[in-house]
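Got a sequence here, can you model it:
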Amino acid sequence: MRDASPVILWLRRDFRLADHPALHAAASSGRPVIPVFIHDELVETLGAAPKWRLGLAVEAFAARLAEIGSRLTLRRGPALEVLRELAAETGAGAVWWSRAYDPDAVARDTGVKAGLVEDGLAARSHPGHLLFEPWTVETQQGGFYKVFSPMWRAVKDRELEAPFPAVTSLAAPETWPQSARLADWAMGAAMGPGAVVLARHVCVGERAAQGRLGAFIDRRIAEYKARRDYPAEPATSRLSENLTYGEIGPRTVWLAGLAALRRGAPGAEHFLKELGWREFAYHLAWHAPRITHANWRPEWDAFPWSEDEDTAVLRWKQGRTGIAFVDAAMREMYVTGRMHNRARMIAGSYLTKHMMKHWRIGQRWFEECLIDWDPASNAMGWQWVAGSGPDAAPYFRIFNPDTQLAKFDPGREYVARYVAERAGDRPGADALAFFEAAPRSWNLSPDMAVPEPLVALDTGRRHALAAYRAREMDKTSRT
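Numbers count the residues shown, from 1 in each chain. Presented below is the predicted three-dimensional model:
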């Protein structure tokens, strides 16, 4: 006989109706479906901006579910404990969810699944926020790819199934379980006045994400490869925010880019390759979880990075290094919750090379400030720019922020947009918004003078190269 007991659909970062394997399976089962979001042990540890933005995603998806006659149940507490309570309350016989691939989520989910199975419940995970499951992409020798280019060649021509259509109805249980109130969780409490500032720049919910994708494909993908490195231009898709919270599915994005490629859009292949980088980051995190918290290359453990979060680090966080490109990047993040990818490279390189600070300092600050924070991409990005990660380049990369600025922001529009002290007599709204969002304890104001460089570019480069050469010599002497 068919099981008619309810299915608890545990939602985490998959807030959409379309291209959602777990939701589609639940709807197709014909069983009552109880969607639930849990403010669990991993949500508790989120930084201020990601937690605030997650709350917006939850709110928007609850409204979407209401449109199709369902509802989102909210609970708070350790995931396994809450799911057990819900199953007992509702008589649910199954708990389904979308897979996560970063080590913290995997550890949580492994424990949850074991506990639910022990209780006699059917615990089932479904494909999550990747195009290809990490265990399905292997080298000819059977291991996982440690370099991006060969991995890209292995997956770029793979066929993908069409995304599932949007779910239009879910069978309701006889009685809905009680739900917490989202407002009572105060998920934006740590943001302070920054929430008002960032709210001007977010793009929340499935419909908004689909609109963002459509606009990018129609208007900007053709110039993506040529213009994506210019931070003053709206040349990128900005879909990282929506992919982070599952407001749009990866197959939906991939197939839209692929269709543009087949129509001859010159920037489409490069856009697809950036989706491949996202896949690569998660495949590494799945197969080698240490990349999220430790040097990918163990020999970099001996590199003399400082882990002291001193006044120099504070100035870097404030966008007060005296280096125009770096300061604009840091303030863009504080005002918008995002940072242009080229700017991330420059800000990260200055911290880890010129300032000789450990990449984990930057990783933690991004975890606090980015609305598109992603555990795998953030970790791999920081290690790539620091030099300790899976980078095939046979040299020690040190970006020069001034030459990069001359190349990618020649008119200084990006700098002027975010750094009031460099914007002349009438700084714009985004430059002034930084001071609205900044903690009062920083004691910053738009009439501050531009500071002298925290570390001069030539001096910092010499020190970083000397440290690298010393490490290389030490490594040689030990072999």
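
List the buried residues in stretch 98-106.
98-105 (16 or more other CB atoms under 10 Å). All C-beta atoms are positioned from the backbone trio N, CA, C, and that covers glycine.

and which of those is nearest to Leu65?
Of all the buried residues of stretch 98-106, Ser98 has the smallest distance to Leu65: 15.4 Å, by CB to CB.

show me what contacts the closest one?
By CB atoms under 8 Å, 6 or more residues apart in numbering, the residues touching Ser98 are 11-14, 20-22, 125-129, 246.

Now the two most distant members of the buried residues of stretch 98-106.
For the buried residues of stretch 98-106, and using CB to CB, no pair is farther apart than Ser98 and Pro103, which are 16.9 Å apart.

sorry, back to before: could you dump the buried residues of stretch 98-106 into TSV with secondary structure and pLDDT added?
Formatted as TSV, the buried residues of stretch 98-106 follow (DSSP: H, G, I helix; E, B strand; the rest coil; pLDDT from 0 to 100):
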residue	secondary structure	pLDDT
Ser98	strand	98
Arg99	coil	97
Ala100	coil	97
Tyr101	coil	97
Asp102	coil	97
Pro103	helix	97
Asp104	helix	97
Ala105	helix	98
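
Out of those, which is nearest to Trp176?
For the buried residues of stretch 98-106, the nearest to Trp176 is Ser98 (22.0 Å; CB to CB).

Could you give the bridge partners of the closest one?
In this structure, Ser98 bridges to His126 when assessed by DSSP bridges.

helix or strand for His270, which one?
Per DSSP states H and E, His270 falls inside helix 268-287.

Same check on Ile8?
Take DSSP H and E as the rule and Ile8 turns out to sit in strand 7-11.

Just checking: what are the partner strands of that strand?
Strand 7-11 has these strand partners (DSSP bridges): strand 33-39 (parallel), strand 94-98 (parallel).

Any chance of CSV for those strands, columns distance to Ala265?
Listed next are the strands paired with strand 7-11 as CSV, based on distance: least, CB to CB, whole Å:
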stretch, distance to Ala265
strand 33-39, 37
strand 94-98, 30
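
how about low-confidence regions in the chain?
Confidence mapping of the chain against pLDDT under 70 gives the ranges 1-2, 392, 394, 473-479.

Spatially central residue in it, please.
Nearest residue to the geometric centre of the chain (CA atoms, centre = their mean): Asp374, 2.5 Å.

Next, the buried residues of stretch 188-205.
Neighbour counts over stretch 188-205 (16+ other CB under 10 Å) mark 188, 191, 194-195, 197-198, 201-202, 204-205 as buried.

do stretch 39-46 as well
In terms of neighbour count (16+ other CB under 10 Å), stretch 39-46 has its buried residues at 39-40, 42-43, 46.

I'd like to know how many residues surround Glu452.
Per other CB atoms under 10 Å, the neighbour tally for Glu452 reads 8.

Quick check: it is in a strand.
No. Counting by DSSP: H, G, I helix; E, B strand; the rest coil, Glu452 is not part of a strand but coil.

That one contacts Arg320, correct?
No. Judged on CB atoms under 8 Å, Glu452 makes no contact with Arg320 at a distance of 10.4 Å.

Rebuild the buried residues of stretch 188-205 as CSV, extending it with distance to Ala162 and secondary structure.
CSV is the format used below for the buried residues of stretch 188-205 (distance: CB to CB, whole Å; DSSP: H, G, I helix; E, B strand; the rest coil):
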residue, distance to Ala162, secondary structure
Gly188, 37, coil
Met191, 39, helix
Gly194, 40, helix
Ala195, 38, helix
Val197, 40, helix
Leu198, 35, helix
His201, 32, coil
Val202, 29, coil
Val204, 26, coil
Gly205, 23, coil
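
Just the closest of the residues you listed to Arg228, please.
Nearest to Arg228 among the buried residues of stretch 188-205, with distances taken as CB to CB, is His201, at 18.8 Å.

Surely that closest one and Gly337 touch.
Yes. In this structure His201 lies within contact range of Gly337 using CB under 8 Å: 6.3 Å.

Which elements pack onto the helix or strand following the helix holding His270?
Using DSSP H and E, the helix or strand that directly follows helix 268-287 along the chain is helix 311-318. Applying 3 or more CB pairs under 8 Å, 6 or more residues apart in numbering; DSSP states H and E, one finds that helix 311-318 makes contact with helix 324-336.

The helix it packs on: what's the following helix or strand?
Past helix 324-336, the next helix or strand by DSSP H and E is helix 341-349.

Show me how far the helix or strand just after that following helix is from its chain's centre.
Scanning forward in sequence from helix 341-349 by DSSP H and E, the next helix or strand is helix 359-369. Distance of helix 359-369 from the chain centroid (CA atoms, centre = their mean, to the nearest Å) equals 12 Å.
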